[in-house]
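Engineer: Need coordinates for the following:
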Amino acid sequence: MSLATTQVVLEALGGHALMLQDCEGEAFADPQQRPDMVLVQDGQSQRVYEAQAHSPSHGNLPELDARATGTWIGNVMRDHTVLPLPVRNQLAVCLYAAGHTEDLNQTRAITAINGFGRAAA
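Structural biologist: From the prediction side, this is the model:
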């Protein structure tokens, strides 16, 4: 099912979802490039981010294995490594959709604190 079709169904059913374009079945944003993001709440759609085709490269990304990824996540959680902007953008939308704040800009600010934002956790 295409993203547009899924959006129409969610709107008709009064659904809730964060939809990411071009994530190829993954549940997270590419740390190198931000996808289109559409938030559907109570059947109302809101584009919260447009795709960012040219994102700065992140030299701090882990190797593609579980151990390196786990170490990297631990470093992010301890504020030793900055979370890439595309992932911070998705985190901000998730916090907003979950009711952490009443304003998306507030969650964007929270996730920008120290590159991650411990207050969000």
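Engineer: Report the contact partners of the closest residue to Ala17 other than its chain neighbours.
Structural biologist: Spatial nearest neighbour of Ala17, excluding adjacent residues (Cβ to Cβ, 6 or more residues apart in numbering): Val40 at 4.9 Å. For the C-beta atoms, the positions are set from N, CA and C on the backbone; glycine is no exception. Contact analysis of Val40 by Cβ atoms under 8 Å, 6 or more residues apart in numbering lists Gln7, Leu10, Glu11, Gly15, His16, Ala17, Leu18, Met19, Gln46.
Engineer: Just confirm the fourth one contacts Gly43, I think it does.
Structural biologist: Which is Gly15. Yes - with contact defined as Cβ atoms under 8 Å, Gly15 counts as touching Gly43 (6.4 Å).
Engineer: what's the average pLDDT for the helix or strand encompassing Asn89?
Structural biologist: Element membership for Asn89, per DSSP states H and E: helix 85-97. Averaged across helix 85-97, pLDDT comes to 87.
Engineer: Which neighbouring elements make contact with it?
Structural biologist: strand 17-20, strand 37-41, strand 44-49, helix 104-112 (3 or more Cβ pairs under 8 Å, 6 or more residues apart in numbering; DSSP states H and E).
Engineer: can you give me the offset of that helix from its chain's centre?
Structural biologist: Average the C-alpha atoms of helix 85-97, do the same for its chain, and the two points are 4 Å apart (Cα atoms, centre = their mean, to the nearest Å).
Engineer: cool, stretch 8-17 as well?
Structural biologist: From the chain centre to the centre of stretch 8-17 is a distance of 20 Å (Cα atoms, centre = their mean).
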